[in-house]
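Colleague: sequence unavailable; structure follows:
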């Protein structure tokens with residue numbers, strides 16, 4: 001897991017239009033939010049909270065990038081249903097989840113199914129980790145105030 005002060009692993013993941021996107025192509029500060037599964041209650045609440053905070057986050061020069069192991073088609077439907085305009089990337093090969101050390105094995109009691117642990121990494125413009133939060137409990141939301149406070153420090 002990338003620790004505070006270390007460089008965040010780059011990734012190449014597929015967006016909702018099936019275009020490959022790299023972490024390095026996003027400029028400025030970043031809030032990288034890994035979420036376990038589209039169309040689930042807490043995930044929807046989390047991403048809608050980020051959506052509703054976009055004016056403030058943009059004012060802090062921050063990009064929100066959401067990542068799940070769901071297929072890009074599912075992520076596209078999820079984004080459309082919830083009016084999410086920030087990128088939602090598919091880690092269907094689970095490479096970023098592995099690189100970030102946030103694998104949630106046997107998610108939701110499904111043996112063999114690995115999802116992302118709900119986690120947030122705040123990165124500076126050089127992709128150094130400035131804040132990290134990882135939950136073993138998928139029902140817990142991140143501390144949105146702490147995320148914004150960290151962005152203000154960068």
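Modeller: Great, that's in hand. The shown structure was predicted, so the numbers you read here are calculated from the model rather than taken from an experiment. Residues are numbered from 1 along each chain as shown.

Colleague: make it CA atoms for all contacts and neighbour counts henceforth
Modeller: Will do.

Colleague: at the geometric centre of this structure, which residue do we find?
Modeller: Nearest to the geometric centre of the chain sits residue 33, at 1.9 Å (CA atoms, centre = their mean).

Colleague: most distant residue from the middle of the protein?
Modeller: Largest centre distance within the chain, by CA atoms, centre = their mean: residue 111, 23.6 Å.

Colleague: can I assume it sits in a strand?
Modeller: No: remark: residue 111 does not belong to a strand; assigned using DSSP: H, G, I helix; E, B strand; the rest coil, it is coil.

Colleague: list the contacts of it.
Modeller: Counting by CA atoms under 8 Å, 6 or more residues apart in numbering, residue 111 makes contact with residue 105.

Colleague: for the nearest residue to residue 114 once chain neighbours are set aside, list the residues it contacts.
Modeller: Spatially, and ignoring its direct neighbours in sequence, residue 114 is nearest to residue 105 (4.4 Å; CA to CA, 6 or more residues apart in numbering). Contacts here follow CA under 8 Å, 6+ apart; on that basis residue 105 touches 111, 112, 113, 114, 115.

Colleague: kindly report the same for residue 49.
Modeller: Contacts of residue 49 by CA under 8 Å, 6+ apart: none found.

Colleague: tell me the phi and psi of it?
Modeller: Dihedral pair for residue 49: phi -70, psi -40, per degrees, to the nearest 10.
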